[in-house]
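Novice: structure for the following, please:
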Amino acid sequence: MLAHLPSSQSHPPKLGKAWWIISIFLSAFALNQCTSSPPRPELPPSQSDLGAIGRDNLCQTKSTTQSMSSTAGFQEALWGGGTEYYQHSRSPNDQHEWLMFNEDGILVGAVTVYTHGLSLDSYPLLRQTLSQLPPSKEFFFNSSQLLRERDPDSAILYRTGEATTTHQYVIRKRKNQDDQLVMAIFLLDPYERLFEGQHQRFLSYMDAEVPPVSGSSQTSEPKGSSTDEFLGLQQFARGELSLFGSCGTKHPDIALEAYRQAIRLGLPENGHHAEALHRMGLAQKSLGKFDEAKNSIEQALSLQPYSATMLNSYGTVLIELKQLQQAIHAYEQALALQPDYAHARFNLAEAFELVNPKRAVQEYETFLILVEGNPQESSKAQLAKQKIESIQKGHR
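Specialist: Here you go, the predicted structure:
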């Protein structure tokens, strides 16, 4: 049983994708401020010389994995709507390994547990990375040791990642002994929510000789979720992966199907339902189904009428439907809720170009102030400057 240390935080934000990327996925389900994939900000240190499974082959297809014999010796079981492969290797480090594939046969998660712990002495690059990361969570391996007044082994979870991936490392701390790596987890960002609360499940295998229960998806469910909610969260993650192209290619058609299934299966909170409707609208917009997109986002707004991101998306759909005044109103509502919302400010400026060029210049200038010093917005900032110059030339 994992017991939290009194001073630890239960779910702190992920470094980089937490201190560097303020709340991704969404705080699991936080929305983009535009209809394209999120910008890639400066990332935290993530270098590693650990050859753990998953770090370099996330996004790989199941068929590719099998053709490379990477799943030889693995036991297959259901993982919700996807597939999970498990093996216990007694050499070289006696370790337990899991591979999680989603419904489309994409490798979305990989876990390695080192049964006896792994010294970091042989991995100076990973050791250097971990030294630069603040602890994300601290816990005891076995709370019963506290009752027996023994010094229990404690652990620290470190979280980092790259542009579209999350990396988690659990380090065991023992009195008068060197620290050891006991678990490494590599995930595609949209699937991180599905692994919340799962550390106990994997770490229990450090002393286990029993293989996982074949065909059971419930062992992989986040604590407190129902089977349908877990499947719903899987489909939502599948939608995110497809809509924003985490593996390099966007598939709005797959995303639309996934969000529909997520809504049908059910999601843990009402806000998640609204997010799925919004994402449906973004997928429909990408497919050129603008009337359907408008309807989906209106449904989302009926559940969350004060969402600036949804109002901004609504405005972009109204622009496609040639409903300019309604779009301007939607952007203005978004900015009333979030005045520093740079993408909505840019969209509003573009909308005003056709009906109020002077106001458009003002909005572009405000946008430039908001994104000053932000390298991720340099291209759009340059475009805003060009538009200001063009508008001013046209009115001389």
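Novice: so which residues of the chain form strands?
Specialist: Along the chain, counting by DSSP state E, strands occupy 3-4, 75-79, 82-89, 95-101, 107-119, 137-140, 154-161, 165-173, 180-188.
Novice: any chance of JSON lines for those strands, columns mean neighbour count, mean pLDDT and distance to Asp228?
Specialist: Quick note: C-beta positions are derived from backbone N, CA and C, even for glycine. Converted to JSON lines, the strands of the chain look like this (neighbours: other Cβ atoms under 10 Å; pLDDT from 0 to 100; distance: least, Cβ to Cβ, whole Å):
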{"stretch": "strand 3-4", "mean neighbour count": "14", "mean pLDDT": "36", "distance to Asp228": "28"}
{"stretch": "strand 75-79", "mean neighbour count": "17", "mean pLDDT": "93", "distance to Asp228": "15"}
{"stretch": "strand 82-89", "mean neighbour count": "20", "mean pLDDT": "92", "distance to Asp228": "15"}
{"stretch": "strand 95-101", "mean neighbour count": "23", "mean pLDDT": "94", "distance to Asp228": "19"}
{"stretch": "strand 107-119", "mean neighbour count": "22", "mean pLDDT": "94", "distance to Asp228": "20"}
{"stretch": "strand 137-140", "mean neighbour count": "19", "mean pLDDT": "84", "distance to Asp228": "28"}
{"stretch": "strand 154-161", "mean neighbour count": "22", "mean pLDDT": "93", "distance to Asp228": "28"}
{"stretch": "strand 165-173", "mean neighbour count": "22", "mean pLDDT": "94", "distance to Asp228": "25"}
{"stretch": "strand 180-188", "mean neighbour count": "24", "mean pLDDT": "96", "distance to Asp228": "22"}
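Novice: any idea how far Gln304 is from the residue nearest to Leu301 when sequence neighbours are not counted?
Specialist: Spatial nearest neighbour of Leu301, excluding adjacent residues (Cβ to Cβ, 6 or more residues apart in numbering): Met310 at 5.4 Å. Remark: distance between Met310 and Gln304 (Cβ to Cβ, to the nearest Å) = 6 Å.
Novice: more crowded one of these two?
Specialist: Higher neighbour count among Met310 and Gln304: Met310, with 25 against 18, using other Cβ atoms under 10 Å.
Novice: for that one, what are its contacts?
Specialist: Residues counted as contacts of Met310 (Cβ atoms under 8 Å, 6 or more residues apart in numbering) are 31, 274, 278, 297, 300-301, 304.
Novice: same question, Gly73
Specialist: So Gly73 contacts 87, 89 (Cβ under 8 Å, 6+ apart).
Novice: same thing but at 6 Å, please
Specialist: Shown in contact with Gly73 (Cβ atoms under 6 Å, 6 or more residues apart in numbering): Gln87.
Novice: same check on Val111?
Specialist: 98, 185, 202.
Novice: pretty sure His318 is touching Ala327, no?
Specialist: Rather than His, residue 318 is Leu. Yes: the criterion here is Cβ atoms under 6 Å, and Leu318 meets it with Ala327 at 3.8 Å.
Novice: number of residues surrounding Ala349?
Specialist: By other Cβ under 10 Å, the burial measure for Ala349, its neighbour count, is 24.
Novice: if I look at it, how far off is Tyr191?
Specialist: 36 Å.
Novice: tell me the pLDDT at Leu52?
Specialist: Quick fix: residue 52 reads Ala, not Leu. Turning to Ala52, the model gives it a pLDDT of 88.
Novice: wait, it touches Val113, no?
Specialist: No: between Ala52 and Val113 there is no contact under Cβ under 6 Å: 10.3 Å.
Novice: of the contacts of Met310, which is the most crowded?
Specialist: Ile297 (29 neighbours).
Novice: what is the neighbour count of the nearest residue to it once chain neighbours are set aside?
Specialist: Nearest in space to Ile297, with sequence neighbours left out and distances taken as Cβ to Cβ, 6+ apart, is Gly281 at 3.8 Å. Neighbour count for Gly281, taken as other Cβ under 10 Å: 30.
Novice: how about the one 10 residues further on?
Specialist: Around Asp291 there are 11 other residues, counting by other Cβ under 10 Å.
Novice: thanks a lot, see you next time.
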